[in-house]
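**Student:** Take a look and give me a structure for this.
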Amino acid sequence: QVQLVESGGGLVQPGGSLRLSCAASGSIFSIDVMGWYRQAPGKQRELVANIINGGRTNYADAVKARFTISRDSSKKMVYLQMNSLKPEDTAVYYCNVLIRMGQGLGPRVYWGQGTQVTVSS
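**Tutor:** The predicted structure follows:
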């Protein structure tokens, strides 16, 4: 099995910064994609950012130039540096990974338990 452990959420004032971390462990042969989604109350879960094996990154328009995703492949970790936070960034943030558990096996999606980010004065 695969476990994802997130950390770094919390309460921050508008304009502040937070850094989210997610560590993957378990039966992992390779990781194709690591990323972050978020879900605000009453809204659908949406992609925030992801990083593809090889380094290509994708960002939601709402967070471009404010958030930066990075990955430490040796530690199987992904990070989300969030700067210039706004109240509309308030949501539960979920780590999301696409993992292969063996050579020749198809990728499987795994989700973290979620970490709350609240931006409020």
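**Student:** Against Gly15, how distant is the closest residue to Ser120 other than its chain neighbours?
**Tutor:** Distance criterion CB to CB, 6 or more residues apart in numbering; nearest residue to Ser120, sequence neighbours excluded, is Pro87 at 6.3 Å. Where C-beta positions appear, they are placed from N, C-alpha and C, glycine not excepted. For Pro87, the distance to Gly15 (CB to CB, to the nearest Å) stands at 11 Å.
**Student:** same thing with Val33?
**Tutor:** 30 Å.
**Student:** give me every residue that touches the spatially most central residue of the chain.
**Tutor:** With distances taken as CA atoms, centre = their mean, Trp36 lies nearest the centre of the chain, 2.4 Å away. Residues in contact with Trp36, defined by CB atoms under 8 Å, 6 or more residues apart in numbering, are 20, 22, 47-50, 69, 78, 80, 93-96.
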